[in-house]
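[1] no FASTA, just this:
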């Protein structure tokens with residue numbers, strides 16, 4: 001089966017969701033799932049939308065009536081325990097089974113067509129066949145999987161808004177964590193989550209708290225959507241500190257090695273300036289560890305960086321818990337970092353003992369050391385990212401870091417494009433990101449920093465331990481991006497989180513091979529040497545590759561003759577697969593050495609500890 005999702009509980013909320021994945025179910029008005037908010041006319045007028053409203057809109061305790069048999073069948077499938085399967089004509093021919101529905105393309109639009117007159121739920125499952133038309137099977141399944149996951153992210157946002165204090169339904173996270181199965185016979189990857197009988201070891205997932213979906217932070221007052229006259233966005237009406245990092249970046253999700261700048265007065269001063277801009281610096285210049293904003297645009301913000309609920313707060317909470325789990329349990333009354341992160345200001349204030357516990361944690365000397373380490377490492381990483389984007393001046397780099405903390409790295413990166421112009425562009429960057437507001441923040445930066453070059457040199461990370469960090473980092477991006485087709489972006493973010501931010505924006509897929517090799521920090525190795533943390537790059541012309549840009553991924557396992565490779569998704573191939581032809585390039589990080597002898601690690605790869613099996617939630 002191409003994709004399998006289990007639905008374990010009824011859905012009970014009313015979203016109005018716009019999704020690129022649209023389908024038709026006769027003339028039914030029973031459902032309204034994919035209809036965009038601005039188009040609320042009947043399905044006769046807008047037949048391209050599949051109506052899914054009934055399962056999501058209980059009226060006074062009972063669901064609305066369903067107007068068509070097809071609607072009732074699909075509603076039953078969504079509300080009852082069972083499985084929803086995406087299949088292909090090849091799958092169904094091989095199994096001798098008929099699909100319950102087909103998704104076919106009609107006039108350039110997907111259409112859902114019922115097959116036969118029988119009860120589609122007779123076997124407790126709903127089988128939906130994808131007719132790939134003139135597209136490859138891999139592309140069709142990936143697109144369906146990607147759009148379904150984007151839809152689920154939208155639904156999670158609505159659930160969080162409309163059901164404060166309640167857990168997200170398990171089936172939602174299960175869909176986000178799943179991977180599509182694309183048959184090997186179609187020259188496509190076999191995802192580990194759908195193939196439990198593989199001889200090789202599947203990818204070991206990162207801890208649950210570090211694999212938060214990338215929608216977190218987006219549902220509360222802006223979510224990093226910083227103002228820019230060129231890029232749109234919005235400013236909050238009543239609060240300066242409404243984002244506080246995290247969000248689309250998720251750099252807190254994996255332990256990242258901070259760049260080593262040596263003794264740097266610039267970095268030290270920038271850390272203090274950021275604290276001051278966040279109201280976390282005392283009058284005598286000492287850190288105000290106990291800074292606590294109980295209602296920062298709908299969520300709490302705490303500590304030196306003002307880690308914000310819905311944004312970067314899990315970075316602090318997870319680090320505290322790792323430092324002393326017993327204290328964490330005591331301070332936060334058994335709540336997990338994820339539960340705390342998803343609390344609104346009101347929920348946090350009304351949870352017995354939570355405010356007192358947070359204040360005690362902020363005042364704890366051991367936990368204060370964690371705050372210091374986190375903010376210093378984060379500032380160093382952001383400075384290095386700014387440098388990799390071409391910023392050199394002290395003011396420019398300071399603005400980049402400050403904007404990234406307030407609005408998120410995407411907004412800071414857009415502002416950095418202005419900083420590439422000649423001369424100091426710090427004020428222009430600040431105005432672009434903030435729309436001329438928050439003048440006091442820039443005034444403090446202007447007072448503390450000059451237009452001169454920051455004169456920083458970051459040493460490359462040591463080769464020892466790099467592969468492990470890169471593999472951990474790419475697994476987090478696998479969870480965050482959930483098969484969105486952004487393989488190069490996933491690898492670039494993972495490289496940055498492992499300590500190499502210089503490859504951000506270095507191209508798509510095969511384009512990255514040149515920058516990686518010319519850096520002098522990677523050397524080619526043979527396929528049989530490849531082990532966890534090495535990189536695979538394939539050109540578009542490689543056998544079995546129908547993509548436009550080729551592919552880049554990180555080896556996350558090489559056991560039992562099967563290679564697991566990960567980017568925005570995880571796939572497995574036998575090592576004799578033709579995709580590993582002489583055009584596929586395997587790379588290993590060696591640090592600053594441009595030439596080095598690479599030992600054969602194939603035996604070590606075989607002895608890797610078996611990873612835990614990835615399963616759907």
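    Nice, thanks for sending it over. Bear in mind the structure is a predicted one, so any value in this text is a computation, not a measurement. Residues are numbered from 1 along each chain as shown.
[2] Hmm, residue 103 is touching residue 127, no?
    No - when contacts are counted by CB atoms under 8 Å, residue 103 is not listed as touching residue 127 (11.5 Å). Any C-beta I mention is one placed from the backbone N, CA and C, and that applies to glycine too.
[3] now the stretch 151-300 of the chain, which segments are flagged as low pLDDT?
    151-165, 169-258 (pLDDT under 70).
[4] do the same with the chain
    Confidence mapping of the chain against pLDDT under 70 gives the ranges 1-86, 88, 90-91, 104-112, 119-126, 130-165, 169-258, 456-459, 541-548, 593-617.
[5] quick one, domains of it?
    Each structural domain of the chain that the record assigns through automatic domain parsing is listed here as a residue range: 3-177, 251-448, 466-606.
[6] So which elements touch the helix or strand hosting residue 360?
    Using DSSP states H and E, the secondary-structure element containing residue 360 is helix 354-363. In terms of contact count using 3 or more CB pairs under 8 Å, 6 or more residues apart in numbering; DSSP states H and E, helix 354-363 is assigned the packing partners strand 292-296, strand 299-302, helix 325-332, helix 345-350, helix 365-388.
[7] what's in contact with it?
    Contacts of helix 354-363 from elsewhere in the structure, counted by CB atoms under 8 Å, 6 or more residues apart in numbering, are 289-292, 294, 300, 302-303, 320, 327-328, 330-333, 335, 340, 343, 348-349, 367-368, 371.
[8] strands paired with the longest strand along the chain, and their directions?
    Longest strand of the chain, by residue count under DSSP state E: strand 551-559. The partner list of strand 551-559 in its sheet, established with DSSP bridges, is strand 535-538 (antiparallel), strand 562-566 (antiparallel).
[9] Of all these, which one is nearest residue 511?
    Distances from residue 511 to each of the strands paired with strand 551-559 were compared using CB to CB; the minimum, 9.3 Å, belongs to strand 535-538.
[10] Pull the residues that contact the closest one.
    Surrounding strand 535-538, the residues in contact under the criterion CB under 8 Å, 6+ apart are 470, 491, 509-510, 512-513, 516, 522, 530, 545, 550-555, 563, 565, 579, 583-589.
[11] returning to what we had before: put together JSON lines for the strands paired with strand 551-559, with distance to residue 426 and mean neighbour count on each row.
    Supplementary listing: the strands paired with strand 551-559 in JSON lines, determined by distance: least, CB to CB, whole Å; neighbours: other CB atoms under 10 Å:
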{"stretch": "strand 535-538", "distance to residue 426": "35", "mean neighbour count": "25"}
{"stretch": "strand 562-566", "distance to residue 426": "38", "mean neighbour count": "25"}
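[12] Present the ones you listed as JSON lines; the columns should include distance to residue 428.
    Rendered in JSON lines, the data for the strands paired with strand 551-559 read as follows (distance: least, CB to CB, whole Å):
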{"stretch": "strand 535-538", "distance to residue 428": "37"}
{"stretch": "strand 562-566", "distance to residue 428": "39"}
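[13] which one of these lies closest to residue 118?
    Residue 118 lies closest to strand 562-566 among these, at 39.0 Å (CB to CB).
[14] Heading C-terminal from the closest one, find the next helix or strand.
    On the C-terminal side of strand 562-566, the nearest following helix or strand under DSSP H and E is strand 570-574.
[15] Which strands and helices lie in contact with that following strand?
    With contacts defined as 3+ CB pairs under 8 Å, 6+ apart, the packing partners of strand 570-574 are strand 562-566.
[16] do that again at 10 Å, thanks
    Applying 3 or more CB pairs under 10 Å, 6 or more residues apart in numbering; DSSP states H and E, we find strand 570-574 packed against helix 466-481, strand 551-559, strand 562-566.
[17] now the angle from the second one to helix 466-481?
    Taking axes from the mean of the first three to the mean of the last three CA atoms, to 10 degrees, one finds strand 551-559 and helix 466-481 inclined to each other by 120 degrees.
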